[in-house]
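Student: sharing a model that was predicted from the sequence below.
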Amino acid sequence: MTVRNRRFWFLLHGWLSLPVWGLLLLVCLTGSIATISHEITWLANPAARALNPDGLAEKSPDVWVDIAEQAMPEGEVANVMRLEPYLVAIVTMNRADAAPAMVYINPYTGAVQDIHSGQTFISFMRALHGWLLFPWQAGYSVGYYLVSALSLVMLGSLLTGLIVYKRFWRAFTRPRLRTGQLRIALGDWHRLAGVWSLWFLLILGLTGLWYLIQAALWHQGVEFESDPAPLSWQQVPFSDGEPPQKISLQQAIQTALNETPGLQISWVSPPEYAQDLVSVLGQQERIFYDDYSDGVFINPWSGEIVGRRQPQNMGALEKLSHLADPLHYGTIGGLTTKIIWFLSGLVLTSLLISGFMIWRQRLFGSGKGNPL
Amino acid sequence: MKSRQAWLQRQLLRLSVVFLIAPVWFLYQSMNPVFPDAWSEKPVGPFTAVPTPADSHAPYYYDGKHYKDFSVRLCDGCAAQVRRAFLSIGTDAAIPEAEPTGILHGSRFILHAHAPAPQHITEQDRLWLMIEDWQGKQYQQSWPLSP
């Protein structure tokens, strides 16, 4: 490669991230924190911990619903959520004239540890990282587009970085970090950390690219899920007197567990209108799939199962939508991979900072002028 | 040449920092939400209903159609007495049979609907609410769009 060519790729490498440098920094930093947001919650909020000192067996999700209904008899279950075995199960209750309340239930002891209203640290970090708190319009958020489009910058920086860095593989065989002078140390670190983060940049870049495609599909109203359609009106009964009886959420959960023994339930939602189905979603020990890749949909009037969600029945796009999160969040190997993802996220953040400092020094010399 | 490039890069960097103001602004907005006023309560057969628009914007476009979002508060205990209910904007009430657009959904406390609407709302257009009870009896009510 000629010097002139290399200079072009070098400039492109800098120009790719410079116009969005602030955004990239925010997204990398919040993403790193978001990977361990469940663990931070465990540490910071004792009411969110599912401690089990007596080694009790976990109560079934239908019992969580019983507990929440007893704790808040005036409410109506909006959904049931389970994030981690070491965090409380959350039953969200709709209320009259107030925001929904989250009942924090210890799934082992059955104790109600808190009733929380409003955003949680986990959902806030997710919204800040995923769509920069931009509002959601019909099927899209400008922020979600902005963040997922950064995957192009990430992949572009990866590619141009590799082109510029002569014999980059030597960073694996002969890693070099000279700490004598700041300028040299920054350059060495940027190259070394960049090459050692190749796998991570690639995973985040590609899953981010999928999120960008997914955002466009949502925006266009393209449906790629194989879940069953709502009931037809003929399937919704009439009644001469009192309204017909629906099955309870507890019965629906029991039906789902009978149909799919071993289903680790992470989400249950009741129907929101007469044609709507009860969704009981979870996971069946498939390490590469997310916590909503298995499940059962139930007719609330007859109690019959009308559809299953299973990876083997999914189309390619739907499969991708359930494969991307564990790779992007680093949940595939539990806490170990989450910590690796968190540390790698911090290394990416350091790449941005060192890249910025190198650019600043090249353009203004050390200590001269302030680019901002 | 170099100084011009430096100037441009400096401006771009400033712009990239401006991006960071957006989340702060949206956080402030979400902590201080402003909702339009609720419309008047009206009878719909044996029920009563109070619609509230989600915002004061024109109908939005989604998947080939236009919609406007509303919440609807029915009388106490009435949501359980409803088999189905639809909300739509137009010159007369339309019950969408083929697909559940504009269907009221939610909890027994408050319901929501994405009401199908014309792209440009005229003075003749009204908000129509159709409610069917469990016996199959249908009731209808409408509100003017510019009260």
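Tutor: Yep, that arrived. Numbers count the residues shown, from 1 in each chain, chains lettered A, B, ... in the order given.
Student: and the strands in the chain?
Tutor: Picking chain A for this. Taking DSSP state E, the strands of chain A run over residues A:76-81, A:89-95, A:98-105, A:112-117, A:264-269, A:278-283, A:294-298, A:305-309.
Student: nope, chain B please
Tutor: For chain B, the strands defined by DSSP E cover B:42-44, B:47-53, B:60-62, B:65-74, B:82-90, B:105-106, B:111-117, B:126-133, B:138-144.
Student: dump these to CSV, plus distance to residue A:219, mean neighbour count and mean pLDDT.
Tutor: From N, CA and C alone the C-beta is placed, and that goes for glycine too. Below are the strands of chain B laid out as CSV (distance: least, Cβ to Cβ, whole Å; neighbours: other Cβ atoms under 10 Å in any protein chain shown; pLDDT from 0 to 100):
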stretch, distance to residue A:219, mean neighbour count, mean pLDDT
strand B:42-44, 35, 15, 98
strand B:47-53, 23, 19, 97
strand B:60-62, 9, 15, 92
strand B:65-74, 14, 20, 95
strand B:82-90, 23, 23, 94
strand B:105-106, 22, 16, 97
strand B:111-117, 15, 22, 95
strand B:126-133, 27, 22, 94
strand B:138-144, 31, 16, 95
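Student: now distance to chain A too, for those strands, in CSV please.
Tutor: Shown next, in CSV, are those (distance: least, Cβ to the nearest Cβ, whole Å):
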stretch, distance to chain A
strand B:42-44, 17
strand B:47-53, 13
strand B:60-62, 4
strand B:65-74, 7
strand B:82-90, 6
strand B:105-106, 4
strand B:111-117, 8
strand B:126-133, 9
strand B:138-144, 12
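Student: need the ones you listed in JSON lines (columns: distance to residue A:66).
Tutor: Formatted as JSON lines, those follow (distance: least, Cβ to Cβ, whole Å):
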{"stretch": "strand B:42-44", "distance to residue A:66": "35"}
{"stretch": "strand B:47-53", "distance to residue A:66": "31"}
{"stretch": "strand B:60-62", "distance to residue A:66": "39"}
{"stretch": "strand B:65-74", "distance to residue A:66": "28"}
{"stretch": "strand B:82-90", "distance to residue A:66": "27"}
{"stretch": "strand B:105-106", "distance to residue A:66": "23"}
{"stretch": "strand B:111-117", "distance to residue A:66": "26"}
{"stretch": "strand B:126-133", "distance to residue A:66": "31"}
{"stretch": "strand B:138-144", "distance to residue A:66": "36"}
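Student: quick one: which of the ones you listed is nearest residue A:279?
Tutor: Among the strands of chain B, strand B:105-106 comes nearest to residue A:279, with 13.8 Å by Cβ to Cβ.
Student: nearest to chain B, out of the strands of chain A?
Tutor: Among these, the nearest to chain B by Cβ to the nearest Cβ is strand A:89-95 (3.9 Å).
Student: and the closest one, what does it pack against?
Tutor: Applying 3 or more Cβ pairs under 8 Å, 6 or more residues apart in numbering or on different chains; DSSP states H and E, we find strand A:89-95 packed against helix A:61-71, strand A:76-81, strand A:98-105.
Student: pLDDT (mean, whole number) over the longest helix along chain B?
Tutor: Assignment by DSSP state H gives helix B:2-18 as the longest helix of chain B. The average pLDDT for helix B:2-18 rounds to 77.
Student: same check on stretch A:182-195?
Tutor: In the prediction, stretch A:182-195 has an average pLDDT of 93.
Student: now it: buried residues?
Tutor: Neighbour-count burial for stretch A:182-195 flags A:186-195 (criterion: 16 or more other Cβ atoms under 10 Å in any protein chain shown).
Student: all helices for the stretch 101-250 of chain A, in order.
Tutor: Remark: helices assigned in the stretch 101-250 of chain A by DSSP state H, counting those that start in this stretch are A:121-131, A:142-164, A:170-173, A:182-196, A:198-219, A:249-259.
Student: let me know the angle separating the last one from strand A:278-283.
Tutor: Taking axes from the mean of the first three to the mean of the last three Cα atoms, to 10 degrees, one finds that helix A:249-259 is oriented at 50 degrees with respect to strand A:278-283.
Student: what lies in contact with helix A:249-259?
Tutor: Contacting residues not belonging to helix A:249-259 are listed as A:60-62, A:65-66, A:77, A:80, A:247, A:263, A:265, A:268, A:270, A:278, A:280, A:295-296, A:298, A:300, A:303, A:305, A:308 [Cβ atoms under 8 Å, 6 or more residues apart in numbering or on different chains].
Student: please report how far the closest residue to residue A:103 other than its chain neighbours lies from residue B:75.
Tutor: What sits nearest to residue A:103 in space, not counting adjacent residues and going by Cβ to Cβ, 6 or more residues apart in numbering or on different chains, is residue A:68, at 4.3 Å. According to Cβ to Cβ, to the nearest Å, residue A:68 and residue B:75 sit 26 Å apart.
Student: residue nearest the centroid of chain B?
Tutor: By Cα atoms, centre = their mean, chain B has its centre lying nearest to residue B:69, at 1.1 Å.
Student: show me what contacts that one?
Tutor: Residue B:69 is in contact with B:53-55, B:112-115, counting by Cβ under 8 Å, 6+ apart.
Student: would you mind giving those as a markdown table with distance to residue A:176 added?
Tutor: Output for these, formatted as a markdown table (distance: Cβ to Cβ, whole Å):
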| residue | distance to residue A:176 |
| --- | --- |
| B:53 | 63 |
| B:54 | 58 |
| B:55 | 57 |
| B:112 | 60 |
| B:113 | 63 |
| B:114 | 59 |
| B:115 | 64 |
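Student: ok, which pair from these is furthest apart?
Tutor: Using Cβ to Cβ, those span at most 14.0 Å, a distance reached by B:55 and B:113.
Student: re the thing from before, neighbour-wise, which of residue A:68 and residue B:75 wins?
Tutor: residue A:68 (26 against 15; other Cβ atoms under 10 Å in any protein chain shown).
Student: kindly report the residues of the stretch 151-300 of chain A close to chain B.
Tutor: Neighbours of chain B within the stretch 151-300 of chain A, by Cβ under 8 Å from any Cβ of the partner chain: A:220-221, A:230, A:233, A:236, A:238-240, A:242-244, A:272-276.
Student: most surrounded residue in those residues?
Tutor: For those, the largest number of neighbours (other Cβ under 10 Å) sits with residue A:274, at 26 neighbours.
Student: and that residue, backbone torsions?
Tutor: Backbone torsions for residue A:274, taken as degrees, to the nearest 10, come to phi -60, psi -30.
Student: mind checking how far whatever residue of chain A ends up closest to chain B is from residue A:196?
Tutor: Here chain A gets closest to chain B at one residue, residue A:221, 3.0 Å apart by Cβ to the nearest Cβ. Distance, residue A:221 to residue A:196, by Cβ to Cβ: 42 Å.
Student: any idea how far the residue of chain B found nearest chain A is from residue A:275?
Tutor: Chain B approaches chain A most closely through residue B:63 (3.0 Å), counting by Cβ to the nearest Cβ. Distance from residue B:63 to residue A:275, counting by Cβ to Cβ: 19 Å.
Student: and residue A:186, what does it touch?
Tutor: Counted by Cβ under 8 Å, 6+ apart, residue A:186 has contacts A:354, A:357-358, A:361.
Student: most neighbours, which of the residues you listed?
Tutor: The most neighbours of any of these, using other Cβ under 10 Å, belong to residue A:354, which has 19 neighbours.
Student: residue contacts, the spatially closest residue to that one that is not a sequence neighbour?
Tutor: Spatial nearest neighbour of residue A:354, chain neighbours left out: residue A:190 (4.4 Å); criterion: Cβ to Cβ, 6+ apart. Residues in contact with residue A:190 (Cβ under 8 Å, 6+ apart) are A:351, A:354-355, A:358.
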